[in-house]
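Asks: My questions are about this predicted structure, shown below with the sequence.
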Amino acid sequence: MRFGQLSYSPPPDPSIYYLEPELGELYQFSLRLNLNRMLRAAGNSGVLPNKPVTAFDVSSNRQVFLAYGNELFYAIMP
């Protein structure tokens with residue numbers, strides 16, 4: 001596993017997010033670096049491109065944005 005990018009989310013749920021771009025997996029860690037959850041894109045659904053994620057962000061209202069080149073996809077975190 002090779003993390004490509006990271007992002008910080010401020011309180012009320014402070015977290016550090018790491019992206020594994022090849023698999024499209026997003027790992028949410030606490031500030032003490034405990035793994036809270038792993039979010040995986042449904043790549044086999046045929047909706048997402050079959051290529052690495054080039055950028056990501058997590059908004060304050062818990063939406064995840066994934067960029068595949070010039071295409072942008074989003075989802076609401078569970």
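Replies: Here it is on my side, so go on.

Asks: C-alpha from now on. contacts and neighbour counts both.
Replies: Noted.

Asks: and Ala75, how many neighbours?
Replies: For Ala75, the tally of surrounding residues (other C-alpha atoms under 10 Å) stands at 12.

Asks: show me where pLDDT drops low in the chain?
Replies: For the chain, the stretches with pLDDT under 70 are 42-46.

Asks: Stretch 53-68: end-to-end distance?
Replies: This stretch, stretch 53-68, spans 5 Å end to end (C-alpha to C-alpha, to the nearest Å).

Asks: Tell me which residue is most central in this structure.
Replies: Nearest to the geometric centre of the chain sits Leu26, at 3.6 Å (C-alpha atoms, centre = their mean).

Asks: where does that residue land in three-state SS?
Replies: strand (DSSP: H, G, I helix; E, B strand; the rest coil).

Asks: my guess is it meets Tyr18, correct?
Replies: Yes - in this structure Leu26 lies within contact range of Tyr18 using C-alpha atoms under 8 Å: 5.7 Å.

Asks: Beta-bridge partners for the residue nearest to the centre of the chain, please?
Replies: For Leu26, the beta-bridge partners under DSSP bridges are Leu19, Leu39.

Asks: Pull the contacting residues for it.
Replies: Leu26 makes contact with 17-20, 38-40 under the criterion C-alpha atoms under 8 Å, 6 or more residues apart in numbering.

Asks: Who wins on neighbours among these?
Replies: Neighbour-wise, the contacts of Leu26 (other C-alpha under 10 Å) top out at Leu19, 25 neighbours.
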